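Q: pasting a predicted model and its sequence here:
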Amino acid sequence: MQDTVLFLFTNDLRLSDNPAFLAAAGNSRRLLCCFCVDPCWFRPGRFTTHPMGKHRWRFLRESIKSLEGQLAARQQKLLIRFQTPRTTIRQLVMAHGIRRVYRSRQVGFEENSYWLDLKQSLPSVQFTEVETSTLFNARQLPFKPEDLPETYSQFRRKVEQLPLTAPAIAPDLIPAPMTGLNYQADPLPPVSQDSLPSTLFTGGEENGQNQLTRYFLTQQPSTYKETRNALQGWENSTKFSPWLALGCLSPRQVADALKHYESEVTANESTYWIFFELLWREYFQWYSLKHGVRLFSLKGIKRSHRLSCFYPERFQKWCAGNTPWPIVNACMKELKATGYLSNRGRQLVASCFIHELGIDWRYGAAWFEEQLIDYDVGSNWGNWQYLAGVGADPRGIRHFDLEKQTRQYDPNGTYIRYWGGEKTSPLDSVDAADWPIDPKQ
């Protein structure tokens, strides 16, 4: 058994059903728990956006605070560093002679790049990853991760009958924290007053568990398939995604609660559809791991794309909800105000971005990354690739008729009026030669 083990929390901010944390705790006499707030999250990125917007940061900060409380209740501490994981781990290993580092398996290219760099530069240290964000681990899959099927349907048929491991409960006793270390948290960016805590979405394991319990105490799972496409309404979908994204909930916990509902209440097409969409999330986790940096490529995994460009004015109007399409405006204003948007709304605004606006799809994906409290690298970039026709969709490009979608999902204009989407503006104020366009002509 190792003396001191370093456990790096990432998108697994919970103690229950956290196999990576349990493995680290079970192989140490003392446990150093750490979370890194990367300064890069708050700087402008490649696509003019910031990776961490105000709503995402508020929800993440709440989740970190919740984790601190869970650890403190077990006489443990959380070291919070405002620097990159690469720098933090290197410093801690060198300063304290740590020889074993654990984390949950990551599927993002950047997260895997720094992990590989650490393994190569610190050969005397054992680096261990354990799956915590997926329904299945790599050993359970009937194929190697690099042989992931090309489409979701092929994937689903191979895995939907696989047995699921029961979620593990949180440990009551865990190793004591490492001594001789200043656990005072680094100064962190403030939470914006424009993103006050929501009564609906508040970060942390306890709040995620509360939503899981509340949802399956209702009859809503029995009608999920009929209501899931609604543009608004708390009761119309599960709303688990923000807690799943940060690992305050595990997908196995959701699947386990669903299984109990089906055995004790009813099992129908709607309850199956909840599992169906859990498998969609699962597919994009392994998709991200397999394709790495190609997840962010203009040509996607198909290495081909339709012509597009970057129109700064169109991009800004889309972000602000100031386009010629009321339904798009309402969706974008809700996203900017709350950090959340329905699945149907996400598809509509993404289709508009790609087809009506003709902009490089990656700028839209990056805006979602900044805004969404349930941002997940695989689901976000994988879905944008899917809609842009450069991803896993066997049908190719998908283009939604915005007028038809408005008639179908907001026939009375209730949603549009609620979010102030009625006011529209021309798509462009200048022509291709940068000459002003007369709106009267």
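A: Nice, thanks for sending it over. Since the model is a prediction, treat every value here as computed from it, not as a measurement.
Q: check which residues of the helix or strand containing Ala350 are buried.
A: Under the criterion of DSSP states H and E, Ala350 resides in helix 343-351. Of all the residues in helix 343-351, those buried under the rule 16 or more other CB atoms under 10 Å are 344-351. For the C-beta atoms, the positions are set from N, CA and C on the backbone; glycine is no exception.
Q: same deal with stretch 391-405?
A: 391-393, 400, 402, 405.
Q: kindly report the same for stretch 58-68.
A: 58-64, 66-68.
Q: quick check, distance from that stretch to the centre of its chain.
A: Mean-position distance between stretch 58-68 and its chain equals 15 Å (CA atoms, centre = their mean, to the nearest Å).
Q: same thing with stretch 159-177?
A: 21 Å.
Q: just for the protein, where's the confidence low?
A: 1-2, 195-199, 396, 431-435, 438-441 (pLDDT under 70).
Q: what's near enough to touch Asn322?
A: 316, 329, 423-425 (CB atoms under 8 Å, 6 or more residues apart in numbering).
Q: closest to Cys34 among the residues you listed?
A: Closest approach to Cys34 among the contacts of Asn322 (CB to CB): Gln316, at 38.3 Å.
Q: how many neighbours does Pro436 have?
A: Pro436 is flanked by 9 other residues according to other CB atoms under 10 Å.
Q: so it sits against Ser429, correct?
A: Yes. Counting by CB atoms under 8 Å, Ser429 is a contact partner of Pro436 at 6.5 Å.
Q: hmm, back to that, most neighbours among the contacts of Asn322, please name it.
A: Of these, with other CB under 10 Å as the count, Asn329 tops at 25 neighbours.
Q: all helices for the stretch 101-250 of the chain, in order.
A: 109-121, 152-159, 205-216, 224-227, 241-245 (DSSP state H, counting those that start in this stretch).
Q: now, of those helices, which is deepest in the fold?
A: Highest mean neighbour count of those: helix 241-245, a mean of 25 (counted as mean count of other CB atoms under 10 Å).
Q: packing partners for that helix?
A: Identification of packing neighbours for helix 241-245 by 3 or more CB pairs under 8 Å, 6 or more residues apart in numbering; DSSP states H and E yields helix 205-216.
Q: residues in contact with the helix it packs on: which ones?
A: 13-16, 62-63, 66-67, 70, 221, 238-240, 243-244, 248-249, 253-254, 257-258, 260-261.
Q: which ChimeraX command selects the buried ones in the residues you listed?
A: Burial among the contacts of helix 205-216 is assessed by 16+ other CB under 10 Å; the matching ChimeraX selection reads:
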select :13,14,15,16,62,63,66,67,70,221,238,239,240,243,244,248,249,253,254,257,258,261
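Q: among the helices of the stretch 101-250 of the chain, which is nearest Thr271?
A: helix 224-227 (7.0 Å).
Q: what is the closest one packed up against?
A: Helix 224-227 packs on helix 269-291, going by 3+ CB pairs under 8 Å, 6+ apart.
Q: beyond the helix it packs on, next helix or strand please.
A: Helix 269-291 is succeeded, C-terminally, by helix 312-320 (DSSP H and E).
Q: quick one: work out the angle between that next one and helix 343-351.
A: Angle, helix 312-320 to helix 343-351, by axes from the mean of the first three to the mean of the last three CA atoms, to 10 degrees: 170 degrees.
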